[in-house]
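Novice: Below: sequence and its predicted model.
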Amino acid sequence: MSVLNDIKAKARAKKRRVVLSEGTEPRMIKATRILLEENITAVTLLGEEKEITRLAKENSLDLSNVEVINPVHSPDFDKYVADFMELRKKKGITEKQAHDLMVNPLYFGAMMVRHNKADASVAGSVNTTGDVLRAAIHVLGLKPGIKTVSSCFMMTLPKFMEVENKIFFYGDCAVVPNPDPDELASIAVSTAQTMKNLIGDEPRVAMLSFSTKGSASHKDVDKVLEALAILKRDHPELKVDGEFQLDAAVIPKIGAKKAPGSEIAGNANVLIFPDLDAGNIGYKLTERFAGAIATGPIIQGLGKPANDLSRGCSAEDIVDVAAIAVLLKD
Ligand SMILES: CC(C)(COP(=O)(O)OP(=O)(O)OC[C@H]1O[C@@H](n2cnc3c(N)ncnc32)[C@H](O)[C@@H]1OP(=O)(O)O)[C@@H](O)C(=O)NCCC(=O)NCCS
């Protein structure tokens with residue numbers, strides 16, 4: 001698909017490195033082979049060296065251009081344990097706890113990203129989303145000014161309003177169940193930034209609701225309006241407006257009628273849903289009913305990039321996510 005090819009080309013040009021924390025998973029080995037063959041990014045595989053060597057042989061992966069690290073044999077291990085103890089000091093972590101967590105490649109991989117030894121970490125082919133995100137949150141923290149880690153999907157519609165392969169970014173569809181206004185504002189900022197990083201388009205952000213510009217009054221509408229006020233105050237550079245029903249956000253005629261004078265109405269390319277029910281249902285409706293390709297969840301808002309995978313992912317999915325993750329580095 002051409003948009004993913006463009007993303008891979010961008011990643012290639014940036015010459016970055018991804019750390020794949022689940023290095024003893026055969027799909028990670030296959031993905032590494034593709035990432036190197038297509039020259040998309042350099043790769044570090046974490047795990048037991050002998051097992052990685054065995055799997056590499058089995059899958060025709062030449063390890064001479066791959067960095068293989070077993071966390072417990074790494075010269076950086078003790079430094080990472082000490083750094084992690086400092087990070088989690090307030091939580092009263094002991095040295096033994098920090099040591100035991102750093103043996104876990106999810107934590108070690110995130111620590112490599114924190115110390116600029118890699119540009120992004122990718123995991124989740126065998127670990128749960130909760131485990132992947134918790135390690136990333138604890139090690140990488142949040143981006144300055146951002147209140148929550150969240151996610152977005154890049155949705156590619158085969159055709160929309162006469163445009164082929166029309167791309168929208170949807171946030172949040174996978175992480176924050178019921179964002180408060182500050183968190184909703186952060187989801188909007190992060191999703192707009194993700195769009196810029198990945199496809200370079202100028203984001204036009206619509207804050208979605210069941211109301212358009214005061215057509216209904218309800219506390220749920222007030223939440224969206226509060227988030228909009230925060231965005232206008234803290235991010236005057238961001239093109240954002242609301243509250244909009246979906247059609248007013250993306251159909252020019254309806255936008256012009258229901259929100260005259262808005263530069264976003266009818267013209268939005270970033271859609272921010274008021275909560276996770278709406279976001280998750282919304283992306284699946286678009287995927288299933290409109291035949292859109294849903295790329296994600298793309299994790300955003302972390303201090304540095306780390307991305308989760310679905311446990312049913314293929315090697316090709318890992319390649320796509322790795323290309324996306326390395327591009328999310330500022
Ligand atoms: C991170 C997550 C994946 C799992 O977290 P968890 O371990 O169950 O949640 P906890 O509340 O115990 O949080 C663990 C830590 O992460 C932090 N955290 C959790 N969610 C966070 C978020 N969205 N942004 C920033 N920090 C977050 C917590 O503050 C906590 O930090 P602490 O240990 O320093 O106090 C959580 O975001 C989540 O469960 N989201 C819903 C995901 C989901 O179910 N998706 C399904 C639809 S696809």
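Specialist: Arrived safely.
Novice: rest of the way, CA atoms for contacts and neighbours
Specialist: Fine.
Novice: The longest strand along the chain - which strands sit beside it in the sheet, and in what orientation?
Specialist: As assigned by DSSP state E, the longest strand anywhere in the chain is strand 150-160. Strand 150-160 has these partner strands in its sheet, going by DSSP bridges: strand 163-171 (antiparallel), strand 293-300 (antiparallel).
Novice: Mean neighbour count for those strands - can I get that in JSON lines?
Specialist: Formatted as JSON lines, the strands paired with strand 150-160 follow (neighbours: other C-alpha atoms under 10 Å):
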{"stretch": "strand 163-171", "mean neighbour count": "20"}
{"stretch": "strand 293-300", "mean neighbour count": "23"}
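Novice: The residue sitting furthest away from the middle of the chain sits in which helix or strand?
Specialist: Distance from the C-alpha centroid of the chain, by C-alpha atoms, centre = their mean, peaks at residue 257 (34.6 Å). Secondary structure assignment for residue 257, by DSSP states H and E: helix 252-258.
Novice: now do residue 44
Specialist: According to DSSP H and E, residue 44 maps onto strand 42-46.
Novice: So what's the gap between that strand and the chain middle?
Specialist: Its chain's C-alpha centre and that of strand 42-46 lie 19 Å apart, by C-alpha atoms, centre = their mean, to the nearest Å.
Novice: same deal with stretch 7-20?
Specialist: With C-alpha atoms, centre = their mean, you get 15 Å for stretch 7-20.
Novice: Please apply the same query to stretch 206-222.
Specialist: 27 Å.
Novice: next SSE after the helix ranked longest in the chain?
Specialist: Longest helix in the chain, counting residues (DSSP state H): helix 181-199. Following helix 181-199 in sequence order, the next helix or strand is strand 205-208 (DSSP H and E).
Novice: Tell me the helices and strands packed up against the strand holding residue 44.
Specialist: strand 17-20, helix 26-37, strand 67-69 (3 or more C-alpha pairs under 8 Å, 6 or more residues apart in numbering; DSSP states H and E).
Novice: For the first one, which strands pair with it and how are they oriented?
Specialist: This points to strand 17-20. When pairs are called by DSSP bridges, strand 17-20 turns out to pair with strand 42-46 (parallel), strand 120-123 (parallel).
Novice: Okay, buried residues for the next helix or strand after the helix holding residue 257 please.
Specialist: Downstream of helix 252-258, the first helix or strand assigned by DSSP H and E is strand 270-272. Neighbour counts over strand 270-272 (16 or more other C-alpha atoms under 10 Å) mark 270-272 as buried.
Novice: outside of strand 270-272, which residues touch it?
Specialist: With contact meaning C-alpha atoms under 8 Å, 6 or more residues apart in numbering, strand 270-272 is reached by 168-172, 184, 187-188, 191-192, 203-208, 279.
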